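Trainee: sequence and computational prediction follow.
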Amino acid sequence: MKIATFNANSLRARLDIVLNWLDENQPDVLCVQETKVQDCDFPGAAFDNSGYEFVFKGQKSYNGVAVFSKHPIEDVQFGLDDEPFDAPRLAKVRIKDLNIVNTYIPQGFDRKSEKFAYKLEWFARLKKFFENHFSPTDNVLWLGDMNVAPEAIDVHSPKRLLGHVCFCQEVWDAYADVKSWGFSDVMRSLHPDEQIFTFWDYRRKNALEDNVGWRIDHFLATKPLLEKCKSCYVDTKPRTLERPSDHTFVIVEIDL
DNA sequence: ATGGTCGGCAACCGA
């Protein structure tokens, strides 16, 4: 199975990029974050002849998640298990024997803000979510925009960026605590020493050319699933097209 | 020196 994740920063603005990418790459599953479209305006008709079925949950202007799949999508849940549910930030689905949790983790704005406290709580609540729904011996793939760069190798300037809401001790601890439930970082497991980015800030000129990036989009697999993960890689081509997202596609291939 | 650019959506917020 080939599974991909993509923070679209508006699905409607990136509709051609997504449709062309599905057509050219034929993944079994594509999980999207930041669709930025409320459900009544979801561009579903554009996928009528794509060969993919899909589920989605969005809100006006912000957030939003979607899952596209060649195979039936079952056991769908949006949002965490208690309030605030944050439905447009989490989609849980089962596709064949694979459980997928697609998340758009809150970014956190500023370390001294309420939004940052909310981000840390979100990770703790997400750990409870995994405890409630799964066992670490199940095939669970947690993926999406985590808004965490886990290690120094995962950012372009670790010294300068230390203290950023996506690169600081509190977030590393919160993220590690969720991981400790039973997850491994698929990209880092398969590429232990390679600097691989998934996000290049719009506000940095020539960020992609100069490779001034971050690795904040991740695949986390339970132990039995990790053994089946054969490759994990980034496709930067969509980042070079007209009107790209600031993120790009990340792909995992699993023997399932 | 604390910048820069996007998208949504109609003045700024979020990233």
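Mentor: Noted; the coordinates are in hand.

Trainee: what's the burial count for the closest residue to DNA strand B within the stretch 1-150 of chain A?
Mentor: Of all residues in the stretch 1-150 of chain A, A:Ser10 sits closest to DNA strand B, at 2.9 Å by C-beta to the nearest atom of the strand. Where you see a C-beta, it was placed from the backbone N, CA and C, and this is true even at glycine. Other residues lying near A:Ser10 total 15 when counted by other C-beta atoms under 10 Å.

Trainee: for A:His156, which non-adjacent residue is closest in space?
Mentor: Leaving aside its sequence neighbours, A:His156 sits nearest to A:Val212 (C-beta to C-beta, 6 or more residues apart in numbering; 4.6 Å).

Trainee: parallel or antiparallel, which strands does the helix or strand hosting A:Val93 pair with?
Mentor: Per DSSP states H and E: A:Val93 is located in strand A:90-95. If you go by DSSP bridges, strand A:90-95 pairs up with strand A:74-78 (antiparallel), strand A:98-104 (antiparallel).

Trainee: so it, near DNA strand B or not?
Mentor: No. On the criterion C-beta under 7 Å from any atom of the strand, strand A:90-95 is out of touch with DNA strand B, staying 13.8 Å away.

Trainee: just the CA trace of that strand, in CSV.
Mentor: What follows is strand A:90-95, C-alpha atoms only, in CSV (Å, rounded to 0.1, in the frame of the first residue of the first chain):
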residue,chain,number,x,y,z
LEU,A,90,-8.5,14.8,13.0
ALA,A,91,-9.8,12.0,10.8
LYS,A,92,-9.7,8.4,11.9
VAL,A,93,-10.4,5.8,9.2
ARG,A,94,-9.9,2.1,8.5
ILE,A,95,-8.9,1.1,5.0
